[in-house]
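J.: just a sequence and a predicted model for now, questions to come.
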Amino acid sequence: MRYALFLGCTVPVRALNYEVSARKVADKLSIELVDINDFGCCGFPVKSVDRETFLLMAAKNLSLAEEKGLDILSLCSACTSVLTEANKKLKEDDNLRKRINKQLSVLGRKYEGKIKVKHFARVLYEDIGTDKIRKNLKVDLSGFKFAAHYGCHYLKPSEIYEGFDDPENPKTLDELIEVTGAESIFYEDKKGCCGGGILGIDELTALKVAKTKLDRVKSAKADAICLICPFCSIMYEGSQKKIERQFETEYNLPVLYYPQILGLALGISPDQLGFKINRIKPRKILEKF
Amino acid sequence: MSEKEEEIIKVDKLDPNFKYEIQKQPGGEGITRCFACGTCTAGCPVREINEKYNPRKIIRMALLGMRERVLSSDFIWLCSSCYTCYERCPQDVRPAELMNAIKNIAVKEGYIHPSFVAQIEALSSHGRLYEIGEFDNKKRVKFGLPQIEENAEDTKKLFEQEDLNKLVSSQGEK
């Protein structure tokens, strides 16, 4: 199984623990990840500014993977969503594809609509499957409680994801957590947004949106939040101290990426899963390893 | 003019074609289907925190033709694009995409939020939102990750296709 690894803007600079653990887990499960240096921004930030440019940026990235005959595996949910959306539009609308390709020719590139885009968690759930993951487990994580945070763009807008999971009642991340033996806890507003989309627009509102979730996860007594998107981590881990100061509260809530959790269950050493980078140390978990 | 008078909608100042202008913009097609049920607002995580953002009200204002008020507002930039409204709208108005359509028109009219100006500048300079310099690559190597060489040229060329930099730099005009 080979995929082109799409890192996007945030992961390779601000979420090295996600990248490191995802690569290790992929390797363990025989998913070959191919790096393409010229992948740039997916186009997400430009969508609110100029839709044509967003499609153009997405098309460039899609064309780079297509040239190598590879589908895209993305770690960031926002990248997954905009690349999937652009891919769908470009595949379905011949006139649009022609128009975008005409502009894309300035880079000597062309996209013919032959590839697929998938989030890493979807690849784990759909292509690998929980049965195969179970067969590879080395360490039982039972006793730990994780709060699955789906975020927004992993499953929404649902019409671009061909019926994968249910955005109103999602289960894939819960199942991926539970296969490790850990408990995926129920908590209020599991589907809630992290607020990251407006961090640069109205910081206080964004922090309050993130705080809502931190409060709810804390009161459900989770050992950590489990994420699959780097921007959610900027809100829950990167901004946790700021939220604590601003609202005079304390969480000390570890924020883990799913591949870090799965990696532990697959018997990969914590040293190789980027835990050093986690600002809020998951001590209760790491002391068992 | 009193505060109340400022708030009163003046029929002769409305632009009845605004809704059709939005409808022509990709993402805005569904606007006239809205029957103002408020499902979007009820499920909105931003509205839960900040009353300034109210998608039902924004759509209503747009349908009434309050073109300048909507385009020059700061509230259109407060959508966090979580797509909850998009999933739940019984009339398939797709409010999250509708906001993008309205923002695209606002940018053409010279109204852009400064946060997006900064993002476009970062993308023009680095091809990505966050610079990957020598320091970052050293850190990547330390963690056993491949180095990444920035390619801003591609992004610049793509921005030129739609004259994006000009579009963004016109923001000071209004």
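T.: Structure's in. What do you need?
J.: list the contacts of the nearest residue to residue A:18 once chain neighbours are set aside.
T.: Nearest-residue entry for residue A:18: residue A:257, 4.3 Å, with adjacent residues in sequence omitted and distances by CB to CB, 6 or more residues apart in numbering or on different chains. No exception for glycine: its C-beta is placed from N, CA and C like everyone else's. Residue A:257 sits next to A:15, A:17-18, A:21-22, A:226-228, A:233 when contact means CB atoms under 8 Å, 6 or more residues apart in numbering or on different chains.
J.: near chain B at all, stretch A:208-227?
T.: Yes - using CB under 8 Å from any CB of the partner chain, stretch A:208-227 reaches chain B at A:208-209, A:212.
J.: can you give me the helices for chain B?
T.: B:3-7, B:18-24, B:39-42, B:55-64, B:67-71, B:84-88, B:95-108, B:114-126, B:134-142, B:152-161, B:164-169 (DSSP state H).
J.: show the average pLDDT along the fourth one.
T.: Regarding helix B:55-64, the rounded mean pLDDT is 98.
J.: how about the fifth one?
T.: Model confidence over helix B:67-71 averages 97 on the pLDDT scale.
J.: can you give me the buried ones in it?
T.: Buried positions in helix B:67-71, judged by neighbour count with 16 or more other CB atoms under 10 Å in any protein chain shown: B:67, B:69-71.
J.: if we can go back for a sec, for the contacts of residue A:257, which one is nearest chain B?
T.: Comparing the contacts of residue A:257 against chain B with CB to the nearest CB places residue A:17 closest, at 8.6 Å.
J.: now do the contacts for the residue lying closest to that closest one once chain neighbours are set aside.
T.: Excluding the flanking residues, the one nearest residue A:17 by CB to CB, 6+ apart is residue A:274, at 3.1 Å. For residue A:274, the contact set (CB under 8 Å, 6+ apart) comprises A:16-21, A:260, B:143.
J.: ok, residue B:77 next?
T.: With the criterion set at CB under 8 Å, 6+ apart, residue B:77 makes contact with A:48, A:198, A:201, B:103, B:113, B:115-116.
J.: what residue ranges in chain B score low on pLDDT?
T.: Along chain B, segments meeting pLDDT under 70 span B:1, B:170-174.
J.: domains for the chain, by residue range?
T.: I'll assume chain A. Split into domains by automatic domain parsing, chain A comes to A:2-120, A:128-286.
J.: not what I meant, chain B
T.: Using automatic domain parsing, chain B is parsed into the domains B:9-108, B:114-173.
J.: most packed of those domains?
T.: Highest mean neighbour count among those (mean count of other CB atoms under 10 Å in any protein chain shown): domain B:9-108, with a mean of 19.
J.: using TSV, lay out the helices of chain B together with distance to chain A.
T.: Shown next, in TSV, are these (distance: least, CB to the nearest CB, whole Å):
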stretch	distance to chain A
helix B:3-7	22
helix B:18-24	12
helix B:39-42	13
helix B:55-64	13
helix B:67-71	13
helix B:84-88	5
helix B:95-108	4
helix B:114-126	4
helix B:134-142	6
helix B:152-161	4
helix B:164-169	5
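J.: okay if I get those helices as a markdown table plus distance to residue A:266?
T.: As requested, those are arranged in a markdown table below (distance: least, CB to CB, whole Å):
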| stretch | distance to residue A:266 |
| --- | --- |
| helix B:3-7 | 60 |
| helix B:18-24 | 50 |
| helix B:39-42 | 42 |
| helix B:55-64 | 43 |
| helix B:67-71 | 52 |
| helix B:84-88 | 34 |
| helix B:95-108 | 37 |
| helix B:114-126 | 35 |
| helix B:134-142 | 23 |
| helix B:152-161 | 37 |
| helix B:164-169 | 44 |
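J.: wait, which of these is closest to residue A:89?
T.: Nearest to residue A:89 among these is helix B:95-108; the distance by CB to CB comes to 11.8 Å.
J.: tell me the angle the closest one makes with helix B:114-126.
T.: If you take axes from the mean of the first three to the mean of the last three CA atoms, to 10 degrees, helix B:95-108 sits at 80 degrees to helix B:114-126.
J.: hmm, who's touching helix B:95-108?
T.: By CB under 8 Å, 6+ apart, helix B:95-108 touches A:47-51, A:157, B:21-22, B:25-28, B:30-31, B:40, B:55, B:58-59, B:62, B:70-72, B:76-77, B:79, B:81-83, B:85-86, B:89, B:112, B:116, B:167-168, B:171.
J.: circling back: what's the PyMOL syntax to select whichever of the contacts of residue A:274 are buried?
T.: Entered in PyMOL, the line below selects the buried ones among the contacts of residue A:274, by 16+ other CB under 10 Å:
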select buried, chain A and resi 16+17+18+19+20+21+260
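J.: farthest pair in the contacts of residue A:274?
T.: Across the contacts of residue A:274, no pair lies farther apart than A:260 and B:143, at 13.3 Å, counting by CB to CB.
J.: between the contacts of residue A:274, which is nearest residue B:12?
T.: Distances from residue B:12 to these, taken by CB to CB, are shortest for residue A:18, at 55.4 Å.
J.: how close does the residue nearest to residue A:282 when sequence neighbours are not counted get to chain B?
T.: What sits nearest to residue A:282 in space, not counting adjacent residues and going by CB to CB, 6+ apart, is residue A:254, at 3.7 Å. Note on residue A:254: its distance to chain B, by CB to the nearest CB, to the nearest Å, is 19 Å.
J.: what do you get for residue A:265?
T.: Distance from residue A:265 to chain B, by CB to the nearest CB: 21 Å.
J.: burial check on the residue nearest to residue A:282, number of neighbours?
T.: Look at residue A:254: counted by other CB atoms under 10 Å in any protein chain shown, it has 25 neighbours.
J.: ok, it touching residue A:275?
T.: No - counting by CB atoms under 8 Å, residue A:254 does not reach residue A:275; the two are 9.5 Å apart.
J.: now for those two: what residues contact both?
T.: The contact sets of residue A:254 and residue A:275 overlap at A:281-282 (CB under 8 Å, 6+ apart).
J.: helix, strand or coil for residue A:18?
T.: Three-state call for residue A:18 (DSSP: H, G, I helix; E, B strand; the rest coil): helix.
J.: in contact with it, which residues?
T.: A:11, A:75, A:230, A:233, A:257, A:259-260, A:274.
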